[in-house]
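Peer 1: sharing a model prediction with you, sequence too.
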Amino acid sequence: MYMLTFEIANTKKKTCGGAGGQGLPKFGGFGGDGGKVIVIAKKKIKTLKQVLQKYPKQTCKASTGQNSDKFHLLGENGADLIVQVPVGVLVHKPDGSKEDLNYENELCVIANGGIGGNHTTNFLGVKGEEKLIGLELKLLADVGLVGFPNAGKSTFLKAISKAKPKIAAYPFTTISPQLGVMEYEDGRMISVADLPGLIEGAHQNYGMGIKFLRHAERTKLLLYVLDINPFQLSHKYPERSPFETLLLLNKELDEYGHGMLEKPSILALNKIDTDHSGRSVETLTDLIKNLPASLDQVSEDLHPTHLVNFDDILTMSAMNNRGLAQIKDRIREVMDVHAEMRHSEEMEKAKALSKYENVHKEQTKQQLV
Ligand SMILES: Nc1nc2c(ncn2[C@@H]2O[C@H](COP(=O)(O)OP(=O)(O)OP(=O)(O)O)[C@@H](O)[C@H]2O)c(=O)[nH]1
Ligand SMILES: [Mg+2]
């Protein structure tokens, strides 16, 4: 027999797999093995609440292996306990490792059942493993907001949706992802996830933004929010120019991997209301547009290995609602262009595959003739 507990948000739950069935020493009969506990991703399951509803009891059991008896010397194996979870679940395992279930039918065996009684176990059924797991559903938002602390991500979310995130003039105001929905005049809706700020060294586990980046993995577009003013996290950190901050952000996302830099992306230069002469925005935009040549303006340790290639660079004052309509429109356009491109690529692949299959069929036919 084995057990697993899963923790969903703040809910804890235990489930048990089956024990191995008893053997029958007199006739050398083997007990069946206990069932496994398996977690499988299914599109039809939308929320973790559904998982909880399916398993309302504190403890759920998978089947025990059948005992061996005179008429069935080989006891049947116990049925597996198959826990269906939404696609995008992250399974936290007891050893601290995590497993992503990002696709339909992707599964993960949590623990094996106990083996059925046989000569090696004195014909006694063995207990299965006991496991404690956590299930976490990664957010599914269309757009992810990434940026350093204090850049104005939450201010942007508040301005473009009905969400009411906390906003304050100190870093790490947002400590957990926040969701909002942008509505367009024609009824189209695009969801936006505001994520806790990233800091330099985030990929080495500094700060807490990195652990929330997984919520950006499934987004279709990243909106980089950058304060056009210099940023200094604390006296322990050097003051960074906005250009340096952008490069550091790029570097952190690059180190994180998971295709972050390949995602469609827009850069929003925020707080333009503080740039009275307009010169800061101009200088910064020039530096960004002149990448990679402009890298020689900053020290080498700030150079990202791969540079992000923005679909667009726009300016805004999230606080004063300036530039937001344009950003909203561009988000939609860029998302649609990329969706169209992905669609055409898939069609091309499907076409190439069917051509290959036809040629292959033709060749096989000729060989048979
Ligand atoms: N002047 C000006 N201030 C802004 C603007 N946008 C945001 N702010 C201010 O910047 C500060 C930080 O804003 P937040 O929206 O909390 O920043 P954040 O990026 O969510 O920060 P974290 O949650 O710490 O990652 C707040 O004091 C905001 O009022 C802007 O367009 N102009
Ligand atoms: Mg915030």
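Peer 2: Structure's in. What do you need? Ligands and ions are numbered 1, 2, ... in the order given.

Peer 1: ok, which residues in the protein are in contact with ligand 1?
Peer 2: When proximity is defined as CB under 6 Å from any ligand atom, the chain approaches ligand 1 at 147, 149-155, 167-169, 171-174, 196-197, 270-271, 273-274, 317-319. To be clear about C-beta, it is placed using only N, CA and C from the backbone, and glycine gets the same treatment.

Peer 1: who touches the nearest residue to Ile160 once chain neighbours are set aside in this structure?
Peer 2: Take Ile160 and drop its neighbours on the chain: the residue closest to it by CB to CB, 6 or more residues apart in numbering is Met182, 5.0 Å away. By CB atoms under 8 Å, 6 or more residues apart in numbering, Met182 lies in contact with Val143, Ile160, Ser161, Met189, Ile190, Ser191, Val192, Lys328, Ile331.

Peer 1: quick check: Met182 is in a strand.
Peer 2: Yes: the assignment for Met182 by DSSP: H, G, I helix; E, B strand; the rest coil puts it in a strand.

Peer 1: tell me what it is bridged to.
Peer 2: On the basis of DSSP bridges, Met182 is bridged to Ile190.

Peer 1: show the pLDDT at it.
Peer 2: The model reports Met182 with a pLDDT of 94.

Peer 1: any idea how far it is from Lys44?
Peer 2: Note on Met182: its distance to Lys44, by CB to CB, to the nearest Å, is 27 Å.

Peer 1: now Lys93
Peer 2: From Lys93 over to Lys44 the distance is 25 Å, taken as CB to CB.

Peer 1: which one of the two has more residues nearby?
Peer 2: More neighbours surround Lys93 than the other of Lys93 and Lys44, with 16 against 9 (other CB atoms under 10 Å).

Peer 1: for the nearest residue to that one once chain neighbours are set aside, which three-state class applies?
Peer 2: Nearest non-adjacent residue to Lys93, counting by CB to CB, 6+ apart: Ile133, 5.9 Å away. In three-state terms, and counting by three-state DSSP, Ile133 is strand.

Peer 1: stretch 103-110: which residues count as buried?
Peer 2: For stretch 103-110, burial by neighbour count (16 or more other CB atoms under 10 Å) applies to Leu107, Cys108, Ile110.

Peer 1: does the second one touch Ile82 like I think?
Peer 2: Yep, that's Cys108 we're talking about. No: taking contacts as CB atoms under 8 Å, Cys108 lies outside contact range of Ile82: 11.2 Å.

Peer 1: need the overlap of contacts for these two.
Peer 2: What both Cys108 and Ile82 touch, as defined by CB under 8 Å, 6+ apart, is the set Ile38, Ile40.

Peer 1: make sure Asp100 is indeed in a helix.
Peer 2: No: residue state for Asp100 (three-state DSSP) corresponds to strand; a helix is not indicated.

Peer 1: find the nearest non-adjacent residue to it, please.
Peer 2: Nearest non-adjacent residue to Asp100, counting by CB to CB, 6+ apart: Leu90, 5.8 Å away.

Peer 1: show me the helices in the stretch 51-200 of the chain, by range?
Peer 2: Residue ranges of the helices in the stretch 51-200 of the chain, as given by DSSP state H, counting those that start in this stretch, are 153-160.

Peer 1: low-confidence ranges in it?
Peer 2: Residue ranges of the stretch 51-200 of the chain with pLDDT under 70: 58-60.

Peer 1: those strands in it, which residues are they?
Peer 2: Along the stretch 51-200 of the chain, counting by DSSP state E, counting those that start in this stretch, strands occupy 59-61, 81-86, 89-92, 98-101, 107-111, 130-137, 143-146, 178-183, 189-194.

Peer 1: where does the stretch 201-350 of the chain get nearest to ligand 2, residue-wise?
Peer 2: Residue nearest to ligand 2 within the stretch 201-350 of the chain: Val225 (9.4 Å; CB to the ion).
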